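One predicted model, sequence on top.
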Amino acid sequence: MNSYSSFSLTGKVAVVTGASRGIGRAIALRLAQAGAQVVLAARSGELLDAVVSEITASGGTATAAVLDLSLPEAPARLVELTREVFGGIDIVINTAGATKRGDFLSLSEEDWRDGYALKFFGAVRLTRAAWPQLKLRGGSVVNIAGVGGRTPGAEFTIGGSVNAALLSLTKALSDQGIKDGVQVNAINPGPVRTDRLQARLGKVAQAQGLDAAGAEEALKREMQVARMGEPDDIAGLVAFIVSGQGRFFQGSLIDMDGGQTKTL
């Protein structure tokens, strides 16, 4: 039994976007483990089905929604599907979205549009569509942003801008949430062991002639972090925030990054 087993979400319905892999997958598994009925959304049906199977094999309840949340009509469809299957929504976790890294002058107009379409506008539209249910049920929203929103970098101009917009949205919605009884917070993950981090480590290893362990140590020194994070680290914090024990969090922008963020 792990340390998060006391965070009971029995009777709650959670929507998790970007749930087919990485942080989103870990969050969906953790919320289901805590007793929530979970709707997992992403573009890959095969990967989603594998996560749903893992949840149901462990005695949990979950269903998959294969959607492209960058499309304007998709978030409302996700909300309607969730209401049809589970009767309502208590928790929305906006995890979906990846942005392109690279030199500012080489990033195209399409790169910028793609960066905002899923991670920012997908979160805006889903939260807006789910808000009446969240207000009715005293629900929770957690936006998974990123440390680049607080400490931008030259190679992360799109991601930093998108994350900053998501953090600003979180603060604004938290004020509305105080009026409506909806909890709204954001988490800024640092380097977490996902496919994207593994690809970055591979580039470091190739560029510096290092093995996998050496590349990880080199990136840790560059980022000045205590260690690389795991998807379960973020999932555990999400489970705490949306449980009754974490209800005092409101409008919080939480850096969970191994010390990467140095700004106040």
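Structure received.

hey, let's count contacts and neighbours off CA atoms from now on
Will do.

This protein: helices as residue ranges?
Using DSSP state H, the helices of the chain run over 22-33, 45-57, 74-86, 109-119, 121-137, 157-180, 195-208, 212-223, 231-242.

Just say which of those helices is most tucked in.
By mean neighbour count, with neighbours taken as mean count of other CA atoms under 10 Å, helix 22-33 ranks first of the helices of the chain at a mean of 25.

now that helix: how far from the chain's centre is it?
Distance of helix 22-33 from the chain centroid (CA atoms, centre = their mean, to the nearest Å) equals 10 Å.

how big is the angle separating it from helix 195-208?
Interaxial angle of helix 22-33 relative to helix 195-208 (axes from the mean of the first three to the mean of the last three CA atoms, to 10 degrees): 150 degrees.

Just want the angle from helix 22-33 to helix 231-242.
Going by the same axes, to 10 degrees, helix 22-33 makes 50 degrees with helix 231-242.

who's in contact with the residue sitting nearest the centre point of the chain?
Computing the C-alpha centroid of the chain and ranking residues by CA atoms, centre = their mean puts residue 95 first, at 2.6 Å. Taking CA atoms under 8 Å, 6 or more residues apart in numbering, we find residue 95 in contact with 16-19, 23-24, 119, 143-145.

Torsion angles phi and psi at it?
Dihedral pair for residue 95: phi -110, psi -30, per degrees, to the nearest 10.

Please report how far it lies from residue 17.
Residue 95 is 5 Å from residue 17, where distance means CA to CA, to the nearest Å.

can you list residues touching both of the two?
Common neighbours of residue 95 and residue 17 (CA under 8 Å, 6+ apart) are residue 24.

low-scoring stretches of the protein, by residue?
1-6 (pLDDT under 70).

Okay, domains of it per the record?
The chain breaks down by automatic domain parsing into domains covering 13-190+230-254, 192-228.

Tell me which of these lies nearest to residue 260.
Nearest to residue 260 among the domains of the chain is domain 192-228 (5.3 Å), distances taken as CA to CA.

So what's the gap between the closest one and the chain middle?
22 Å.

and the closest residue to residue 161 other than its chain neighbours, how many neighbours?
Leaving aside its chain neighbours, residue 161 sits nearest to residue 149 (6.3 Å; criterion: CA to CA, 6 or more residues apart in numbering). Neighbour count for residue 149, taken as other CA atoms under 10 Å: 22.
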